[in-house]
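A.B. asks: Give me the fold of what follows.
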Amino acid sequence: MSRQHTEYAFEAAIEHHLTTAGGYVTGDRDGFDPHQAIFPSEVVARVGWLLPIGVVLVSAAVTGKMDVRGEVG
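C.D. replies: So this is what the prediction gives:
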């Protein structure tokens, strides 16, 4: 029996190991912003419990509602 050696198979094997033995969870592909290389909802959720004003600032930054001076508009 031959095994298919492809990049997809390699990635699937790594993901399987990390999610079954490595303590990781599979992320939501639709929620990922490739331009910022983050999951905006995860960033807002994690910052939110640290500092309530942080939610406003981070949310504005990741959604593009903050200008270059750092003002929310």
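
A.B. asks: which helix is the longest one in this structure?
C.D. replies: helix 7-20 (DSSP state H).

A.B. asks: Only C-alpha atoms, please: export that helix in CSV.
C.D. replies: Presented in CSV, the C-alpha positions along helix 7-20 are these (Å, rounded to 0.1, in the frame of the first residue of the first chain):
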residue,chain,number,x,y,z
GLU,A,7,2.1,19.1,1.0
TYR,A,8,-1.6,18.7,1.9
ALA,A,9,-1.0,15.3,3.5
PHE,A,10,2.0,16.7,5.4
GLU,A,11,0.0,19.7,6.7
ALA,A,12,-2.9,17.4,7.6
ALA,A,13,-0.6,15.1,9.6
ILE,A,14,0.9,18.1,11.5
GLU,A,15,-2.6,19.5,12.2
HIS,A,16,-3.8,16.1,13.4
HIS,A,17,-0.9,15.7,15.8
LEU,A,18,-1.2,19.3,17.2
THR,A,19,-4.9,19.0,17.8
THR,A,20,-4.9,15.5,19.3
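
A.B. asks: Toward the C-terminus, what is the element adjacent to that helix?
C.D. replies: Using DSSP states H and E, the helix or strand that follows helix 7-20 towards the C-terminus is helix 40-48.

A.B. asks: Would you mind checking the average pLDDT for that next one?
C.D. replies: Average pLDDT, helix 40-48: 74.

A.B. asks: And that helix, what does it pack against?
C.D. replies: Applying 3 or more C-beta pairs under 8 Å, 6 or more residues apart in numbering; DSSP states H and E, we find helix 40-48 packed against helix 52-63. The way it works is simple: take the backbone N, C-alpha and C, and place the C-beta from them, glycine included.

A.B. asks: Help me confirm that F32 comes into contact with F39.
C.D. replies: Yes: using C-beta atoms under 8 Å, F32 makes contact with F39 at a distance of 5.6 Å.

A.B. asks: thinking again about what came up before, avg pLDDT for the longest helix of the chain?
C.D. replies: Here the average pLDDT along helix 7-20 is 92.
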